[in-house]
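Chemist: let me see the structure of the following:
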Amino acid sequence: MVRNPMPTTLKVDDRLMPGRFPLERVRNIGIIAHIDAGKTTVTERILYYTGRTYKIGDVDEGTTVMDWMKEERERGITITSAATTCYWQEHRINIIDTPGHVDFTAEVERSLRVLDGGVVVFDAVAGVEAQSETVWRQADRYRVPRICFINKMDRVGANFNRTIAMIEKRLKAKALPIQIPLGSEASFEGIIDLVENKAWHFDEDPKSEPTEVAISKQEQARCAEFRQALIEKLAEEDEWIMTAYLNEDKITSTELRAALRRLTLANKIVPVLCGSALRNKGVQPLLEAVINYLPSPLDMPPVKAIDSRKGTEVTRPASDDAPLSALAFKVVTDPFVGRLVYLRVYSGRVKARAQIFNAARDERERIGRLLLMHANRREEVAEASAGDIVGSLGLRHTFTGDTLCDPSHPLLLESIRFPQPVLSIAIEPRTKVDNDKMTDALHKLTEEDPTFKVDFNEETGQTIVSGMGELHLEVIVGRLLSEFRVEAKVGKPQVAYKETIAVPVKAEGKFIRQSGGRGQYGHVFVELEPMERGSGFLFVDNIKSGAIPRQYIAPVKAGIQEAVETGVAGGYPLVDIKASLYDGSYHEVDSSDLAFKMAGSIAVRDGVIKAKPVLLEPIMKLEVLAPKEFLGDIIDDLNSRRSRIEAVETEGETCVIHGIIPLAETFGYATNLRSVTQGRATHSLEVYRYQEVPGELADQIWGKTGVKR
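Modeler: As a prediction, this is how the structure comes out:
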């Protein structure tokens, strides 16, 4: 194991030249985990040991390369995913360091959409935490092969075996340790490699090389037991290992690595490693595991897409010779270079200043410059090829989730789905100059973050911004005030309630205006029906026999959709509702698009009031980690907040409380939890679902809307 086996004097253009780095020697990986598990620390050590940086950044000191934003350095957390490239053992590794806080889960979502493999970092003391489960599910959705790194093995309470058991139980994964710790807690000094059957000692000095040491007699039995278990578990999934095992043939380390790679790429197993990134222990073996077990672009199935001309499914192999296909997965506003779009190139090549086609928006675009990103620093390159992750300037009409392709071979890649925001605040600029600056800033922020929404309330004259949680909105407002220098008054957070209906109803909508000249005439009948939670909105055209001309169907749908989005009873968006247009009438002269749009909106507004409107509120998954002695006080407090306790796990002197709680009841909970537990508990929240607000509370929230329930 050497610190930097790749020369660091290569020009960037040379690195990207065809043949210089064959695709089988490229790894596109993400570092993902729960907040405070040590993702950014792991990434900083990777950059140091690969020679990408020559000074190790520290999260607490705000000197990390990957957490470069002012807000990140002040808070000591990752807020936005940052990309970089490094080199190890003649392989190129493109890395995205992702946030761990649930409010920024969209950053993880879009990163996993374009990555080939993942390194999941766990805290050896806390084990599998709430956000660990969230990112694991996201990786499952995109079938991303993973390896696990159990970090912080030097901390008091670190428990390797317990964390393995939690991975298997809570994540339903087949976890195979390929290393075991050498020592524990304060005496943790290195790792035992079960594949090679060797022990490695690490000094805390980052400049020291790992040294091979003899496996002590007391460790030999434990090592033999774990290695035998590794072989047996591999034999359960791999036919070659099974045959060798039954024949009692000697299985070499090379054969074990090959089997581990086969099964990891097939998502049948997850290799597990351990170490302490902060103490510079175990990072080099982790890099070797990335190369040995995570996929290259060639190992991934050809990407599937829809031919936008024929509507048929097509595939694109990871080849420079195939037609171009790339996905825009992130848009940022860089203070130095302007609007920057991150691209993952799946097939083909794209050169700087080339013309390409945005199939999602049916627009031709011209690539400006292409940049290889290193957090907030950039290196210009001449072209990008299959498997590359680059930044691009000059794409004015491209947004997150858009497909860029060869104009002569248009196709649409699967886009990225993001959760809806659940919390809102009102912002009022202090002056007209601030209003103009705020409008421009909010436009840029919504381009960057698909989970950040902006609306204007015409009744109050306020701008309403919505996000995924208190921290998310705090960060947005902080950037608005400091980065964009907008002077504004900020309101208190408000829950993003939604409306739905309880019973089916038929409603009539008429918009008739007569004047001296041409009038307005629109007349529709609409049936409204409730749907399952989470279904959203569905419009159905059931017009028969030409009761309404075809050209007026789209305006009716637009009017219905407008009413659905603005809400009826309490001004909250309508969800889980089906609107079927089944009849109506028109006037040869007076009918117009506007009249039918208004008629559709009127039908929804009248119908919802008759359909027993229901108020829905966001419900959060809650996990509290605390000393067992405070369990009773915590549960008493949660019961007073309309929460439901679903499970309580105890491990030694620590307990983990799992439950669900309305978002409205979580305001100020962090402060209260610290008070109840003397600052010794932590908690995490994750959006779970929307559900009906209890009767009396709903009446209070409806306020003076006049809705009868």
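
Chemist: low-confidence stretches in the stretch 601-709 of the chain?
Modeler: Applying pLDDT under 70 to the stretch 601-709 of the chain flags residues 703-709.

Chemist: tell me the first helix or strand C-terminal of the host helix or strand of Ser466.
Modeler: Per DSSP states H and E: Ser466 is located in strand 462-467. The helix or strand immediately downstream of strand 462-467 is helix 470-482, counting by DSSP H and E.

Chemist: other SSEs contacting that following helix?
Modeler: With contacts taken as 3 or more C-beta pairs under 8 Å, 6 or more residues apart in numbering; DSSP states H and E, helix 470-482 sits against helix 70-75, strand 423-429, helix 432-448, strand 462-467, strand 488-490. Heads up, the C-betas are built off the backbone N, CA and C, glycines and all.

Chemist: quick one: buried residues of that helix?
Modeler: Across helix 470-482, burial judged by 16 or more other C-beta atoms under 10 Å covers 470-480.

Chemist: one more: stretch 231-244?
Modeler: Within stretch 231-244, the residues that count as buried by 16+ other C-beta under 10 Å are 231, 233-235, 237-238, 241-242, 244.

Chemist: any chance of those residues in JSON lines, plus distance to Ala595, secondary structure and pLDDT?
Modeler: Below are the buried residues of stretch 231-244 laid out as JSON lines (distance: C-beta to C-beta, whole Å; DSSP: H, G, I helix; E, B strand; the rest coil; pLDDT from 0 to 100):
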{"residue": "Ile231", "distance to Ala595": "75", "secondary structure": "helix", "pLDDT": "94"}
{"residue": "Lys233", "distance to Ala595": "69", "secondary structure": "helix", "pLDDT": "93"}
{"residue": "Leu234", "distance to Ala595": "70", "secondary structure": "helix", "pLDDT": "94"}
{"residue": "Ala235", "distance to Ala595": "73", "secondary structure": "helix", "pLDDT": "93"}
{"residue": "Glu237", "distance to Ala595": "65", "secondary structure": "helix", "pLDDT": "92"}
{"residue": "Asp238", "distance to Ala595": "68", "secondary structure": "coil", "pLDDT": "90"}
{"residue": "Ile241", "distance to Ala595": "72", "secondary structure": "helix", "pLDDT": "91"}
{"residue": "Met242", "distance to Ala595": "73", "secondary structure": "helix", "pLDDT": "92"}
{"residue": "Ala244", "distance to Ala595": "78", "secondary structure": "helix", "pLDDT": "89"}
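
Chemist: of those residues, which is the nearest to Phe456?
Modeler: Comparing those against Phe456 with C-beta to C-beta picks out Glu237 as the nearest, at 55.9 Å.

Chemist: tell me the bridge partners for Ser392.
Modeler: Val341, Leu370 (DSSP bridges).

Chemist: measure it to Asn358 for me?
Modeler: Computed with C-beta to C-beta, to the nearest Å, the distance linking Ser392 and Asn358 is 12 Å.

Chemist: tell me which of the two has more neighbours.
Modeler: Neighbour count, other C-beta atoms under 10 Å: between Ser392 and Asn358, Ser392 has more, with 24 against 21.

Chemist: I'd like to know how far that one sits from Asp440.
Modeler: Computed as C-beta to C-beta, the Ser392 to Asp440 distance reads 22 Å.

Chemist: Lys207 too?
Modeler: Lys207 sits 48 Å away from Asp440, going by C-beta to C-beta.

Chemist: so for those two, which sits in the more crowded spot?
Modeler: Between Lys207 and Asp440, counted using other C-beta under 10 Å, Asp440 has the larger neighbour count: 12 against 8.

Chemist: contacts only, for that one.
Modeler: Phe484 (C-beta atoms under 8 Å, 6 or more residues apart in numbering).

Chemist: can you get me a residue count around the nearest residue to Gly118 once chain neighbours are set aside?
Modeler: Closest residue to Gly118 apart from its sequence neighbours, by C-beta to C-beta, 6 or more residues apart in numbering: Arg146 at 4.5 Å. Counted with other C-beta under 10 Å, residues neighbouring Arg146 total 25.

Chemist: may I see the buried residues of stretch 302-318?
Modeler: Buried residues in stretch 302-318, counted by 16+ other C-beta under 10 Å: 303, 305-306, 308, 314, 316, 318.

Chemist: which pair in the residues you listed spans the largest distance?
Modeler: For the buried residues of stretch 302-318, the maximum inter-member distance is 20.9 Å, found between Ser308 and Ala318 (C-beta to C-beta).

Chemist: and of the buried residues of stretch 231-244, the nearest to Lys432?
Modeler: Glu237 (66.3 Å).

Chemist: stretch 533-551: end-to-end distance?
Modeler: Using C-alpha to C-alpha, to the nearest Å, the end-to-end distance of stretch 533-551 comes to 32 Å.

Chemist: touching it from outside, list them.
Modeler: 524, 531, 553, 556-557, 560-561, 564, 574-586, 591, 593, 596, 689-691.

Chemist: chain center to that stretch, what's the gap?
Modeler: Centre-to-centre, stretch 533-551 and its host chain are 34 Å apart (C-alpha atoms, centre = their mean, to the nearest Å).

Chemist: for stretch 144-157, same thing?
Modeler: 21 Å.

Chemist: please shift the residue numbers so they start at 560 in all later answers.
Modeler: Done: numbering now begins at 560, and the last item shifts to stretch 703-716.

Chemist: follow-up on the earlier one: as CSV, the helices and strands packed on helix 1029-1041 with distance to Ala911 and mean pLDDT would be great.
Modeler: Formatted as CSV, these follow (distance: least, C-beta to C-beta, whole Å; pLDDT from 0 to 100):
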stretch, distance to Ala911, mean pLDDT
helix 629-634, 30, 50
strand 982-988, 39, 87
helix 991-1007, 22, 87
strand 1021-1026, 35, 85
strand 1047-1049, 39, 87
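
Chemist: closest to Arg1239 out of those?
Modeler: It's helix 629-634; of those, that one is closest to Arg1239 (C-beta to C-beta) at 20.8 Å.

Chemist: and Glu1210, how many neighbours?
Modeler: For Glu1210, the count of nearby residues is 14 (other C-beta under 10 Å).

Chemist: again but with Tyr1111, I slipped
Modeler: When counting by other C-beta under 10 Å, one arrives at 23 neighbours for Tyr1111.

Chemist: doesn't it belong to a helix?
Modeler: Yes - secondary structure of Tyr1111 (DSSP: H, G, I helix; E, B strand; the rest coil): part of a helix.

Chemist: can you give me the pLDDT of the nearest residue to it once chain neighbours are set aside?
Modeler: Spatial nearest neighbour of Tyr1111, excluding adjacent residues (C-beta to C-beta, 6+ apart): Phe1155 at 4.2 Å. pLDDT for Phe1155: 94.

Chemist: now do the buried residues in whichever strand or helix holds Phe1155.
Modeler: Element membership of Phe1155, judged by DSSP H and E, is helix 1152-1169. Buried residues in helix 1152-1169, defined by neighbour count with 16+ other C-beta under 10 Å: 1154-1168.

Chemist: one more: stretch 1140-1154?
Modeler: 1140-1143, 1145, 1149-1151, 1154.

Chemist: which of those lies closest to Gly1211?
Modeler: Leu1140 (62.0 Å).

Chemist: before we move on, back to that, tell me which of the buried residues of stretch 1140-1154 fall in strands.
Modeler: Counted as lying in strands by DSSP state E, out of the buried residues of stretch 1140-1154, are 1140-1143.

Chemist: Ser1199: which of those is nearest?
Modeler: Closest approach between these and Ser1199, by C-beta to C-beta: Leu1140, at 46.9 Å.
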